[in-house]
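**Student:** prediction below, plus the sequence it came from.
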Amino acid sequence: MSKVRIGILRGGPSHEHEVSLLSGAHFLKNVQSDPEYSATDIFIDKRGVWHIAGAPKLPIDALQHFDVVVNNLHGNYGEDGEVQKLLELSGVPFVGNSVYPSVTAFNKGIFKRTLSDLGIKTPVYREMNVGITDDLNKIARELFGSFPLPAIIKPQTAGSSMGVSVATNYNSLVSALREAALVSNAILIEEYISGAEIVSGFVEGLRGQDTYILLPVSISSDEKRAHLAQSKLWNGHLDTISRHMGKYNIELPKGLSNEHKKEIEKIIKTVKEHLGMRHYATFDFIVSPKRGVYLIESDTSPHLGENSPLLASLKEGGVKVVDFFKHLIQNTLGFVTNRV
């Protein structure tokens, strides 16, 4: 019996190039020794050039070598619908979400409007276009008088906490606008809600369930713990290094009620169905003791490195990483098993 030929996309021309390298390397490591599979690294450099075994390839030529492709790209190009268009045009089955849910979830403004249409709670927000050469002090003065602080400032089209800051006063608001504008001119100003940062999500077909809901996990960084020890309000945020380089803690949340868990599950299933999500995705929530559950955003291509909230959740549920990766491949190829 011939091996299933797997191409693993990683790298890419986005700010999340290094994060994607970690995701792809972890996937490759877990499946390349399996006798059922022949796994190959498809490296995309920061200019967007595709490579196989070090040789540049046109995407359509590269993709024809494989029975299934795993999309481990993050950020622009890999998560915003662009590479999904290429993959769909190629006709090669691929692990990951299709164009529409990717586009909708990646743009935070579009996603927020979608949540409002669905009646799902999300923090109050404002969309703005801000360039790095604009008068940031003028913009900050207008915001300072019209949008309550503290507020979270973030690029509309970036993941992994790229360019995200919490503004607690005028000076930090100016700095936050600058950090976000360095990543994207389209910026989202979002109400800060104090509460537990919860990540959950779904995997299709896992353990015989059409939509397997991941155990909610709580994330917190050492930096955050230090700030919380000094003040009731944390003025930091989980940055890219904290999220992906092992500098934050993942644990099962304490004090999360059954009602909160049911609400999280309902929200995930509602958004998944409405957008037509498939295979797997994660959702970031804030659970406020006084105000309840708020959905912040969804990640249609969550990172799969060793320090991944998604993989931590599966581990807590007794699912091995290698079995999960194999499940994704089998599910994509249409022969899901109930062995996981």
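**Tutor:** Perfect, I can see it now. Numbering: from 1, shown residues only.

**Student:** select the longest helix from this structure.
**Tutor:** helix 258-275 (DSSP state H).

**Student:** where in the stretch 51-200 of the chain is pLDDT low?
**Tutor:** Counting by pLDDT under 70, the stretch 51-200 of the chain has low-confidence residues at 159-161.

**Student:** could I get the full set of helices for it?
**Tutor:** 59-63, 82-90, 99-106, 108-118, 136-146, 170-181 (DSSP state H, counting those that start in this stretch).

**Student:** need those in CSV (columns: distance to G24 and mean neighbour count).
**Tutor:** For every residue, glycine as well, the C-beta is placed using N, CA and C. Shown next, in CSV, are the helices of the stretch 51-200 of the chain (distance: least, C-beta to C-beta, whole Å; neighbours: other C-beta atoms under 10 Å):
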stretch, distance to G24, mean neighbour count
helix 59-63, 14, 17
helix 82-90, 13, 18
helix 99-106, 17, 21
helix 108-118, 25, 17
helix 136-146, 36, 14
helix 170-181, 27, 20
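
**Student:** okay, now the domains of the protein?
**Tutor:** 4-96, 104-120+194-333, 125-191 (automatic domain parsing).

**Student:** now the terminal residues of stretch 128-145, how far apart.
**Tutor:** Using C-alpha to C-alpha, to the nearest Å, one end of stretch 128-145 lies 15 Å from the other.

**Student:** who's in contact with that stretch?
**Tutor:** Outside of stretch 128-145, the residues within contact range by C-beta atoms under 8 Å, 6 or more residues apart in numbering are 151, 170, 173-174, 177-178, 180-182, 185-189.

**Student:** now, which of the residues you listed sits nearest L73?
**Tutor:** A186 (20.3 Å; C-beta to C-beta).

**Student:** ok, the nearest residue to the closest one once chain neighbours are set aside - how many residues close by?
**Tutor:** Nearest residue to A186, sequence neighbours excluded (C-beta to C-beta, 6 or more residues apart in numbering): Q156, at 4.0 Å. Applying other C-beta atoms under 10 Å, we find 22 residues neighbouring Q156.

**Student:** Q156 contacts S184, correct?
**Tutor:** Yes. If you go by C-beta atoms under 8 Å, Q156 and S184 touch, sitting 6.1 Å apart.

**Student:** overlap in contacts, the two.
**Tutor:** With C-beta under 8 Å, 6+ apart, Q156 and S184 have no common neighbours.

**Student:** still on that earlier bit, following the longest helix of the chain, which helix or strand shows up next?
**Tutor:** strand 280-288 (DSSP states H and E).

**Student:** got the buried residues for that next one?
**Tutor:** By neighbour count on 16 or more other C-beta atoms under 10 Å, the buried set for strand 280-288 is 280-287.

**Student:** adding pLDDT, write the residues you listed out as JSON lines.
**Tutor:** Shown next, in JSON lines, are the buried residues of strand 280-288 (pLDDT from 0 to 100):
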{"residue": "Y280", "pLDDT": "98"}
{"residue": "A281", "pLDDT": "98"}
{"residue": "T282", "pLDDT": "97"}
{"residue": "F283", "pLDDT": "97"}
{"residue": "D284", "pLDDT": "95"}
{"residue": "F285", "pLDDT": "96"}
{"residue": "I286", "pLDDT": "94"}
{"residue": "V287", "pLDDT": "95"}
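
**Student:** re the thing from before, out of the helices of the stretch 51-200 of the chain, nearest to L215?
**Tutor:** Closest approach to L215 among the helices of the stretch 51-200 of the chain (C-beta to C-beta): helix 99-106, 21.2 Å.

**Student:** quick one, that closest one and helix 82-90 angle?
**Tutor:** 180 degrees (axes from the mean of the first three to the mean of the last three C-alpha atoms, to 10 degrees).

**Student:** remind me what helix 99-106 packs against, helices and strands.
**Tutor:** In terms of contacts (3 or more C-beta pairs under 8 Å, 6 or more residues apart in numbering; DSSP states H and E), helix 99-106 is packed against helix 82-90, helix 108-118, helix 258-275, strand 292-299.

**Student:** that older thread, for the residue nearest to A186, what are its contacts?
**Tutor:** Counted by C-beta under 8 Å, 6+ apart, Q156 has contacts 107-109, 127, 184, 186-188.

**Student:** mind checking how far it is from L118?
**Tutor:** 19 Å (C-beta to C-beta, to the nearest Å).

**Student:** just R178 next, same as before
**Tutor:** Here the criterion is C-beta to C-beta. By it, R178 lies 33 Å from L118.

**Student:** with F144 instead?
**Tutor:** 32 Å.

**Student:** same deal with K138?
**Tutor:** The value you get for K138 to L118, if C-beta to C-beta is used, is 36 Å.
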